[in-house]
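Participant: Build me a model from this:
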Amino acid sequence: MKKILAAFAVTALSASTALAQPASTAPQLNITTDAAMDMAHYAVGLAESRHLKLCIAIEDTDGNLVAFIRMQGAYAGCVEASIAKAKSAARFARNTIEFFDAARAQNLPIGFVPGILPSAGGAVFKQGENVVGSIGTSGDTNEAEQALVVDTAKHFR
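Facilitator: This next block holds a predicted model:
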C-alpha cells in the first residue's frame, strides 16, 4: 500500500510540476502604445489635410483597441464602425477592402461571418512581413477612408 501511495504521490507531483511550467509560445510582434498614438495622430493630420472628419481606431494584432481618436465633427455612429474595421483587419490579417471586393464580385455573404466586416477603411500594417496591428476609419466615403488607411499604413512600414 505504501508503494502505491508513493507512486501516486510521485505521479501527482510530476503532473503538478508539468502544469506549473509555462507553455512554449512563439513571440508575437505587436504595436506599442506610443506607435499606435503616433499612427492615430498621423492619420488625423492626413484627414485634416483632406478635409475629412473621421473616427480612427488603432488595434493590435489580436484586434484589441490600443488608440482611438474621434475628430471634432465626426459622427457618433462612426465610433463602433471604425473599431470594427480595425478589428476585422487585425484578426484576419488582411485589409477589409479585400472582403468588400470579394463580397461584391462574387456575391458572397461573408458579412454574416462573425468578425468579418466587408467594407473599405480597415487596413493592417506590418513590420517587415509581420502584421503588427491595424487601423480602421469611419465617417466619409469608401474611397476617402480607404485612401487614408492605405497612406497611413504605408507611412509606418
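Participant: sec struct for Ile58, please.
Facilitator: Following DSSP: H, G, I helix; E, B strand; the rest coil, we place Ile58 in the strand state.
Participant: dump the residue contacts of it.
Facilitator: 31, 36-37, 39-40, 65-68, 86, 133-135 (Cβ atoms under 8 Å, 6 or more residues apart in numbering). To be clear about C-beta, it is placed using only N, CA and C from the backbone, and glycine gets the same treatment.
Participant: Tabulate those residues in CSV, adding columns for pLDDT.
Facilitator: Output for those, formatted as CSV (pLDDT from 0 to 100):
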residue, pLDDT
Ile31, 94
Ala36, 96
Met37, 97
Met39, 96
Ala40, 97
Leu65, 98
Val66, 97
Ala67, 98
Phe68, 98
Ala86, 97
Gly133, 95
Ser134, 97
Ile135, 97
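Participant: Most neighbours of all those, which one?
Facilitator: Neighbour tally across the contacts of Ile58 (other Cβ atoms under 10 Å): the maximum, 34 neighbours, falls on Ala86.
Participant: That residue in helix, strand or coil?
Facilitator: Criterion first, three-state DSSP; result for Ala86: helix.
Participant: quick one: which helix or strand includes the closest residue to it other than its chain neighbours?
Facilitator: Nearest in space to Ala86, with sequence neighbours left out and distances taken as Cβ to Cβ, 6 or more residues apart in numbering, is Gly136 at 3.0 Å. Element membership of Gly136, judged by DSSP states H and E, is strand 130-138.
Participant: burial measure for Gln72, as a count.
Facilitator: Neighbours of Gln72 under the rule other Cβ under 10 Å: 7.
Participant: quick one, phi/psi of it?
Facilitator: phi -60, psi 130 (degrees, to the nearest 10).
Participant: And the one 5 residues further on, by the same measure?
Facilitator: As for Gly77, its main-chain torsions (degrees, to the nearest 10) stand at phi -70, psi -10.
Participant: how close does it get to Glu48?
Facilitator: 21 Å (Cβ to Cβ, to the nearest Å).
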